[in-house]
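Colleague: Show me the folded form of this:
(one chain, ligands or ions: 1)
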Amino acid sequence: MAFVEFDNVRKVYQSGEVKVEAVKGVNFIIKEGELVIIVGPSGAGKTTVLNMLGGMDSCTSGDIFLDGAKISKYNRNQLIKYRREEIGFVFQFYNLVQNLTTVENVELASQICKNPLDATQCLKDVGLGERLQNFPSQLSGGEQQRVAIARALAKNPKLMLCDEPTGALDYVTGKNILKLLQDTCRNNGKTVVIITHNSAFEALGDRIIRVSNGTVSEMQVNPDPMPAERIEW
Ligand SMILES: Nc1ncnc2c1ncn2[C@@H]1O[C@H](COP(=O)(O)OP(=O)(O)OP(=O)(O)O)[C@@H](O)[C@H]1O
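Modeller: Numbering: from 1, shown residues only. Sure thing, here's the model as predicted:
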């Protein structure tokens, strides 16, 4: 069995009489240690897929597996433990706690995990060893996203899920963040999933999953991913 598997996954949102079928029978696999780009236009269903894989949302039908566990059948308490221990999240807007220092932000996340990594070391690994005692407001956007990546890494998760991680950053800073995520995958053997609307990011991935209108239109394995510093958009 693959490390991650989506088997005919559907998600229907219902509010009153109105039903929105956000995900319409999605199938894909991800192998351990891959850098995966899930790409598609706005409204295609990318975030819904990511939320189900991250245990933040449930699927209406179908099955989702991570490392042999059928997470689509998890109850509420199992999902809480799953989100805490198995998944590192990186979002577009960093979501740091403003009144905690850099190292405290990372420790806050690692304290709730089973096998956390050292917070200071994780910050050193993302190039912020000199900024441990700064507050988020004293850091640039790119540096704040590095803290968010260190926070996700410190949980020592099975999977890193990154939703538009460069969406709030300028071109050069965005590229540096992509390089950091690619290095995290290569050097730490982490499975990293990036969702984006930017098709230029496809070249980075070991696997590209194209989503459109709630379905996977194509899944492609890329034997020769491009280093992040060489992609352009
Ligand atoms: N909680 C919700 N309730 C109702 N409809 C929803 C909900 N969340 C998402 N949708 C709908 O599901 C569809 C897919 O949304 P989703 O956010 O997954 O797309 P996306 O590809 O991530 O788009 P974007 O890049 O703009 O974030 C859209 O039509 C959206 O309006």
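
Colleague: Now residue 25: phi and psi?
Modeller: phi 80, psi 60 (degrees, to the nearest 10).

Colleague: Tell me if I'm right that residue 30 and residue 4 touch.
Modeller: Yes - because the distance of 3.8 Å satisfies C-beta atoms under 8 Å, residue 30 is recorded as touching residue 4. Quick note: C-beta positions are derived from backbone N, CA and C, even for glycine.

Colleague: intersection of neighbour lists for those two?
Modeller: residue 191 (C-beta atoms under 8 Å, 6 or more residues apart in numbering).

Colleague: Near the ligand, which residues of the protein are found?
Modeller: Contacts of the chain with the ligand, taken as C-beta under 6 Å from any ligand atom, map to 13, 20, 22, 40, 42-48, 197.

Colleague: Now the buried members of these.
Modeller: 22, 40, 44-48 (16 or more other C-beta atoms under 10 Å).

Colleague: Columns pLDDT on top of these, output as JSON lines?
Modeller: Below are those laid out as JSON lines (pLDDT from 0 to 100):
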{"residue": "22", "pLDDT": "96"}
{"residue": "40", "pLDDT": "97"}
{"residue": "44", "pLDDT": "96"}
{"residue": "45", "pLDDT": "96"}
{"residue": "46", "pLDDT": "96"}
{"residue": "47", "pLDDT": "95"}
{"residue": "48", "pLDDT": "97"}
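
Colleague: Select, from the residues you listed, the two members most distant in space.
Modeller: Distance extremes for these: the farthest pair is 22 and 40 at 12.0 Å, using C-beta to C-beta.

Colleague: Kindly list the main-chain dihedrals of residue 204?
Modeller: The phi/psi pair for residue 204 (degrees, to the nearest 10) is phi -70, psi -30.

Colleague: To what extent is it buried, counted in neighbours?
Modeller: For residue 204, the neighbour count with other C-beta atoms under 10 Å is 25.
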